[in-house]
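Chemist: Here is a sequence together with a model predicted from it:
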Amino acid sequence: MWEEILKAIPVYFASMLKFIFGPLAGYASQLNMVTTILATVAGMMTVVVSLTYFGNWMKEKVFSRIFKKRNRFTSNNRKFVGIWKKYGLVGVAALTPILLTPIGGTLLAVSSGSPKEKIIVYMFVSAALWSVIFSGAIYFFGNKVLPDFVQ
């Protein structure tokens, strides 16, 4: 049991940075698929919950000292606004594991002013669904598709 938990720690941290890294790390570590799914969802939700509740505090206290205030729109800002206008909170939550990182998707959702409870619920549903899909695909088709160094 402890071996399985120790193998799940890198999966947890990998999925905090980029969602697809969790199932890939779980497959490479030869974890049970259920453990990989749980660790991947836990990693993403750790980022979502921490940024949802402490994102504004970090922005005001930490980042305002590091970065000077800018009042200009960049092409990335316009892309995020376009995604938000087109898809809304549900779309951003659904696209976060695929296109955005957990950090980027959460920051986009928080900056839009959506209720914190809705952000957490939608992101959890999205993380659970995509974790099952990604892990299932990687575990069932991994031997045929992935390179030998991942297996």
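Modeler: Nice, thanks for sending it over. What you see is a predicted model, and the numbers here were worked out from it, not measured in a lab. Numbers count the residues shown, from 1 in each chain.
Chemist: can you give me the helices in this protein?
Modeler: In the chain, the helices defined using DSSP state H lie at 2-17, 21-28, 33-58, 64-66, 75-95, 102-111, 116-145.
Chemist: Out of those helices, which is the most enclosed?
Modeler: Most buried of those by mean neighbour count (mean count of other CB atoms under 10 Å) is helix 21-28; its value is a mean of 25. No exception for glycine: its C-beta is placed from N, CA and C like everyone else's.
Chemist: List of residues touching that helix?
Modeler: With CB atoms under 8 Å, 6 or more residues apart in numbering as the test, helix 21-28 has contacts from 8, 10-12, 14-15, 33, 35-37, 39-40, 43-44, 131, 134-135, 138-139, 142, 146, 150-151.
Chemist: That one to helix 33-58, inter-axis angle?
Modeler: 150 degrees (axes from the mean of the first three to the mean of the last three CA atoms, to 10 degrees).
Chemist: hang on, the earlier thing: in terms of mean pLDDT, which of the helices of the chain ranks lowest?
Modeler: With a mean of 63, helix 64-66 has the lowest mean pLDDT of the helices of the chain.
Chemist: residues in contact with the spatially most central residue of the chain?
Modeler: Nearest to the geometric centre of the chain sits P102, at 2.6 Å (CA atoms, centre = their mean). By CB under 8 Å, 6+ apart, P102 lies in contact with 15-19, 43-44, 47-48, 96, 123, 127.
Chemist: gap between it and F141?
Modeler: 24 Å (CB to CB, to the nearest Å).
Chemist: Now do stretch 85-98: distance to the chain's middle.
Modeler: A distance of 12 Å separates the centroid of the chain from that of stretch 85-98, by CA atoms, centre = their mean, to the nearest Å.
Chemist: What lies in contact with that stretch?
Modeler: Counting by CB under 8 Å, 6+ apart, 19-20, 44, 83-84, 100, 102, 104-106, 108-109, 112, 114, 118-119, 122-123, 125-127, 130-131, 134 sit against stretch 85-98.
Chemist: What are the phi and psi values at Q30?
Modeler: phi 60, psi 40 (degrees, to the nearest 10).
Chemist: what's the closest non-adjacent residue to it?
Modeler: K7 (7.7 Å; CB to CB, 6 or more residues apart in numbering).
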